[in-house]
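Participant: sequence unknown, structure follows:
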């Protein structure tokens, strides 16, 4: 086996390990989400402590568990293909995986056995003010689990940067700095596909450090060594990390989009310079906009609130750039509407919708009407599924076909799955938008009065999405099985 | 050993623990079938909410139209002229978009009166009658009582405090419209100013998840405005 082929095979193995783990976690998370929504109709019933436990597990599993695992798996695959060089250290990639899985196991124990249910954002001091819903040991286990996840994130993000560096590229240029100068003869050195990965890695490393400090303070409080952590400071630090952690999924998704467009069309994406400059804006602001989550904390200083709106508007620039170049390149060049192209295009449409609903959240005079309502739930499910998950599905079909060396088990079934997911999610997300507009409160076991109709209407859509997701997983697993049989 | 084989016991082990935990939880959680809730419905709209509704569904319709337009015209190689047109438009696209963002930013920060409180919600120095609101799992008290009578046209300063964790103060009118809200963070008393414009019964709901009784922290018709 040639050296090149060997490092590609190695990366595929690691990618598939992360990818399959993420898929298993997501399978469970989607089921929990469906059960939660079903219980809000009253068709099935849970005791409150169990409902909120499942809510906490669903959030953590879907976004931080499934999402991060899938994203990282696909990141290894794209990096190796774009750089045409091996990963910097497969040992680090494996270490990150095992630490992450330790975190997953601890989180499962804290929630399902310890009834820990402070939601995946666990606003301080809720963990220690549970009103008897869970015990202190569950808090300690949860915090240890989240610390493991944080350490794993640090490891894998460092690995992303080290891989880019070891392939001979400058990190400074990889975050878009080189585009501040006019394009040289022969083009920029750094492939544009790398930029979102580098920007995200830098952002996550910076954001994880203060969050780690907060987690250690929680741990000390859990052991009774500290008693007075300022709740407002804790909240601001939490969102310092909590907002960029969304970018740990969104930014790589943009990178996957660039990669697929170049592969589908067989040419470079248009508008490289402006795209890189847009990403450089993201480097500057991604770590300082988390406080837009606390607009309704009136005690935060006014200049903070105002600056958050301006900076959050600025973070739309890389999204606008990505949408323009992906749509523009697809429009200009010839390509085949295969399953990946279809998922990619639907993801772009989802991105537009999710982004525009996010503008509402970011705008202070609207935020007062939708903060902590189901509008927010609708926004992040639109972003997480209609945009990010659709993009991950698109590139996963590349990975699966490359990995197995075979065609998809059944492309028609994959297409049926795709439309079930898209129409299903679009449907139940819009029921949430309506409920949110009319003041429906999020993170609540029961529907807000007068909004029960929309909860009922969302069920067929949620069921369609669940069926679509499981169908897609079935197609992927069968393709892998066929690939193994061919070997 | 291949990584995908190496991690099999890890995934299976975690799954087994998870499934056992889930079963334990469902059994312990009195899981069962219910009779279903009422599919009740009311159009709780005012001007800002109508705007939000139009915003979301206008863009949904626009995206659907774009989907059909794009899929009709894509997949064919375009000529050089179209290439130049699309690539050449990119800087203009950015200028237009950034101009819209700047304009919208200024408009929404400085001219909010049409839509609601805007930045004025952060003005904590307003003069008015103070109402002490204490939140605790899972109730609110108003000047020490669970109900209160207030007057229309008078500016009230709701002094919000909590005895345990973070709560949210959400003021709803008789029709179920969310009028105003604020977070109540432990150790940080918060002043929220509001003048009632209509008489009637108002409700206060907790807007921040505050443990397993959060959904029950909804106090209907506790403020009577005369």
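Facilitator: That came through fine. These numbers come from a predicted model, not from an experiment.

Participant: Wait, residue A:345 touches residue B:66, no?
Facilitator: No. Using CB atoms under 8 Å, residue A:345 makes no contact with residue B:66, being 10.2 Å away. For the C-beta atoms, the positions are set from N, CA and C on the backbone; glycine is no exception.

Participant: where exactly do the strands run in chain B?
Facilitator: Using DSSP state E, the strands assigned to chain B run over residues B:32-33, B:129-136, B:139-142, B:148-150, B:155-162, B:167-172, B:178-184, B:190-195, B:200-206, B:218-225.

Participant: list residues touching both of residue A:345 and residue B:66?
Facilitator: By CB atoms under 8 Å, 6 or more residues apart in numbering or on different chains, residue A:345 and residue B:66 have no common neighbours.

Participant: Looking at the two, which one has more neighbours?
Facilitator: The residue with more neighbours, out of residue A:345 and residue B:66, is residue A:345; 20 against 14, by other CB atoms under 10 Å in any protein chain shown.

Participant: Can you pull up the residues of the stretch 101-250 of chain A that come close to chain B?
Facilitator: A:101, A:104-105, A:108-109, A:111-113, A:115, A:117-119, A:123-126, A:129-131, A:133, A:230-232, A:235 (CB under 8 Å from any CB of the partner chain).

Participant: Among the residues you listed, the buried ones, what's the PyMOL command?
Facilitator: Of those, the buried ones can be selected in PyMOL as follows, counting by 16 or more other CB atoms under 10 Å in any protein chain shown:
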select buried, chain A and resi 101+104+105+108+109+111+112+113+115+117+118+119+123+124+125+126+129+130+131+133+230+231+232+235
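
Participant: who's in contact with stretch A:146-155?
Facilitator: Contacts for stretch A:146-155 (CB under 8 Å, 6+ apart): A:64, A:68, A:92, A:95-97, A:99-100, A:102-104, A:106-107, A:204-205, A:208, A:211-212, A:215-216, A:219, A:245, A:248.

Participant: Whether the lowest-mean-pLDDT helix or strand in chain B contacts chain A - can you check?
Facilitator: Between all helices and strands in chain B, the lowest mean by mean pLDDT, DSSP states H and E belongs to strand B:32-33, at a mean of 78. Yes. Residues of strand B:32-33 contacting chain A under CB under 8 Å from any CB: B:32, B:33.

Participant: just checking, what packs against that strand?
Facilitator: strand A:44-45 (3 or more CB pairs under 8 Å, 6 or more residues apart in numbering or on different chains; DSSP states H and E).

Participant: pLDDT (mean, whole number) over the strand it packs on?
Facilitator: Averaging pLDDT along strand A:44-45 gives 90.

Participant: need the contact list for residue A:76.
Facilitator: A:11, A:14, A:15, A:18, A:87, A:93.

Participant: my guess is the last one is in a helix, correct?
Facilitator: Yes. When classified by DSSP: H, G, I helix; E, B strand; the rest coil, residue A:93 is found to be part of a helix.

Participant: Name all residues that make contact with it.
Facilitator: Contacts of residue A:93 were listed using CB under 8 Å, 6+ apart, and they are A:14, A:76, A:87, A:156, A:159.

Participant: Distance to residue B:97 and pLDDT added to those residues, as CSV?
Facilitator: Output for those, formatted as CSV (distance: CB to CB, whole Å; pLDDT from 0 to 100):
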residue, distance to residue B:97, pLDDT
A:14, 38, 93
A:76, 33, 95
A:87, 37, 94
A:156, 33, 96
A:159, 34, 97
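
Participant: Out of those residues, flag the one nearest to chain B.
Facilitator: residue A:14 (5.4 Å; CB to the nearest CB).

Participant: And the closest one, which helix or strand is it part of?
Facilitator: Per DSSP states H and E, residue A:14 falls inside helix A:3-41.

Participant: Over to residue A:263?
Facilitator: Using DSSP H and E, residue A:263 maps to helix A:244-265.

Participant: List the contacts of the closest residue to residue A:187 other than its chain neighbours.
Facilitator: For residue A:187, ignoring the flanking residues on the chain, the nearest one in space by CB to CB, 6 or more residues apart in numbering or on different chains is residue A:272 at 7.3 Å. By CB under 8 Å, 6+ apart, the contact set of residue A:272 is A:179, A:183, A:187, A:188, A:192.

Participant: One more: residue B:19?
Facilitator: By CB under 8 Å, 6+ apart, no residues touch residue B:19.

Participant: likewise residue A:160?
Facilitator: By CB under 8 Å, 6+ apart, residue A:160 lies in contact with A:75, A:79, A:197, A:198, A:200, A:201.

Participant: In this model residue A:163 seems to touch the second one, though I could be wrong.
Facilitator: So that's residue A:79. Yes. Counting by CB under 8 Å, residue A:79 does reach residue A:163; the two are 5.5 Å apart.

Participant: okay, and the common contacts of the two?
Facilitator: Residues touching both residue A:79 and residue A:163 comprise residue A:87, with contact defined as CB under 8 Å, 6+ apart.

Participant: residue ranges with poor pLDDT in chain B?
Facilitator: For chain B, applying pLDDT under 70 flags the ranges B:29-30, B:75, B:112-115.

Participant: Just the buried positions in the longest helix seen in it, please.
Facilitator: Secondary structure of chain B per DSSP state H: the longest helix is helix B:80-110. Residues of helix B:80-110 classed as buried by neighbour count (16+ other CB under 10 Å): B:83, B:86, B:90, B:93, B:94, B:101, B:105, B:108, B:109.

Participant: Just give the nearest non-adjacent residue to the fifth one, would you?
Facilitator: Counting by CB to CB, 6+ apart, the nearest residue to residue B:94 once its immediate chain neighbours are dropped is residue A:274, at 6.0 Å.
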